[in-house]
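> Next input, structure requested:
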Amino acid sequence: MGSPERGHFAGALPRFGRARKAEPLRADGEGVRHTTGVLLLLAISNLAAWCASSETVIQKRISEVRLTLVATDQNGRPVEELSPADITVLEDGRPVPRFELRTAADLRLRVAIVVDHSDSTRRSWSTVRSALSRSLQDVMRPDDEVMVLAFDGRIEMEHWVKDPGDLETVLSASGSGGLTALYDTIYQTCGRPLFATDGEPHRSAMILFSDGEDDLSVHGLADTIARAERSGIAVYTVTTHNPKKKTTGDAVLRSLAAATGGKDFVVKDAEQLGKALNEINGELRGSYLLYYRASEQPGVRAFRRVRVIPTQSGAHVRSREGYYTAP
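Predicted coordinates for the structure are as follows:
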């Protein structure tokens, strides 16, 4: 819309006629009444503008913080009944006096299954494909939304999964291999319509199958974590190798999961992979939503660190590290 305005002023300027001489105030007071009327109209206009601006301030929206919690007992099993009295919430070290807690068991799932098809993970494709198909049939409900993406140097395939039985067929197509753009893929996936904020309560998660290596991305690990945190997506990572051997990619995947409230898994075979997927499914259906209002700082974008401490002995509560005060 800026171009037409610039064209209007850059083109022929409107021609004005010769200004009339100001008329003196007449003895009958007609000029006085006219001037007074104009001043009254200006005063009313200014008052209306002030009221409108005041109304805008009154209607300013108060932000709401929403975090997903996973609570487990000392044996690693999900806590089925978690109440506000069972936790203490700290924001930047200060207690949050009022918050709400509800189960997320009945919420719609929005899950992106992201599979690394680069050369370094080629050997695990068949194992991941069959295990995922079985696992998804156990957790997916009719109203859930699931998308599967495969990548190497870029996202090579995106497919909405309506029937869990279709997943193995979708993943059967092998990628071209090559370099790995892990961070860029996660960053771009977080911005997909699947995770758009639309007011519908849901649980967002990403299940990433990768070795954690990246040799091509423009974005870094910190940018990727921040994007997932802003989108409220818990990242679960699965890598396949001998758990006794540590790799540099393991640390990357652990950072992704810990910062976003997910969990990282290192599995060596199909049996361990199946157990990991079952645990992920249990957490997605057995988590909680924490709500509270936060004071706004207009125009200020900062990261507020949130810590949730269980009051029950032996219990463990996990969530993402915090939130940003502005997009």
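
> just for this structure, where's the confidence low?
Applying pLDDT under 70 to the chain flags the ranges 1-62, 173-176, 296-299.

> Let me see the ranges of the strands in this structure.
64-72, 87-91, 94-95, 100-103, 108-116, 145-151, 155-161, 202-209, 234-240, 264-267, 288-293, 303-310, 316-318, 322-324 (DSSP state E).

> would TSV of these with distance to residue 80 and mean neighbour count be doable?
The C-beta positions use only the backbone N, C-alpha and C, and glycine is treated the same way. Listed next are these as TSV, based on distance: least, C-beta to C-beta, whole Å; neighbours: other C-beta atoms under 10 Å:
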stretch	distance to residue 80	mean neighbour count
strand 64-72	9	19
strand 87-91	15	18
strand 94-95	26	10
strand 100-103	9	15
strand 108-116	18	22
strand 145-151	25	21
strand 155-161	28	16
strand 202-209	17	24
strand 234-240	19	26
strand 264-267	23	22
strand 288-293	10	18
strand 303-310	14	15
strand 316-318	14	18
strand 322-324	26	16
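
> Of these, which is nearest residue 181?
Among the strands of the chain, the nearest to residue 181 by C-beta to C-beta is strand 145-151 (6.6 Å).

> about what we covered before: so which of the strands of the chain is nearest residue 180?
Residue 180 lies closest to strand 108-116 among the strands of the chain, at 6.5 Å (C-beta to C-beta).

> and that closest one, which strands flank it?
Next to strand 108-116 in the sheet, as set by DSSP bridges, lie strand 145-151 (parallel), strand 202-209 (parallel).

> Give me the residue at the spatial middle of this protein.
residue 231 (0.6 Å; C-alpha atoms, centre = their mean).

> What segments of the stretch 1-150 of the chain are helices?
2-10, 30-58, 125-139 (DSSP state H, counting those that start in this stretch).

> re earlier: any chance of the strands paired with strand 108-116 in CSV with distance to residue 169 as columns?
Shown next, in CSV, are these (distance: least, C-beta to C-beta, whole Å):
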stretch, distance to residue 169
strand 145-151, 11
strand 202-209, 17
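
> nearest to residue 96, of the ones you listed?
Taking the strands paired with strand 108-116 one by one with C-beta to C-beta, strand 202-209 is closest: 21.5 Å.

> Show me what the closest one is in contact with.
With contact meaning C-beta atoms under 8 Å, 6 or more residues apart in numbering, strand 202-209 is reached by 68, 104, 107-116, 121, 124, 128, 186, 189-190, 195, 228, 231-240, 253, 256, 262, 280, 284, 287.

> Go ahead and confirm residue 79 touches residue 69.
No. Residue 79 lies out of contact with residue 69 (C-beta atoms under 8 Å); the separation is 9.6 Å.

> related to what we said a few turns ago, the strands of the chain into JSON lines, with extra columns for distance to residue 138?
Formatted as JSON lines, the strands of the chain follow (distance: least, C-beta to C-beta, whole Å):
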{"stretch": "strand 64-72", "distance to residue 138": "18"}
{"stretch": "strand 87-91", "distance to residue 138": "29"}
{"stretch": "strand 94-95", "distance to residue 138": "39"}
{"stretch": "strand 100-103", "distance to residue 138": "19"}
{"stretch": "strand 108-116", "distance to residue 138": "12"}
{"stretch": "strand 145-151", "distance to residue 138": "13"}
{"stretch": "strand 155-161", "distance to residue 138": "14"}
{"stretch": "strand 202-209", "distance to residue 138": "14"}
{"stretch": "strand 234-240", "distance to residue 138": "15"}
{"stretch": "strand 264-267", "distance to residue 138": "17"}
{"stretch": "strand 288-293", "distance to residue 138": "21"}
{"stretch": "strand 303-310", "distance to residue 138": "28"}
{"stretch": "strand 316-318", "distance to residue 138": "22"}
{"stretch": "strand 322-324", "distance to residue 138": "31"}
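
> Perfect, that will be all.
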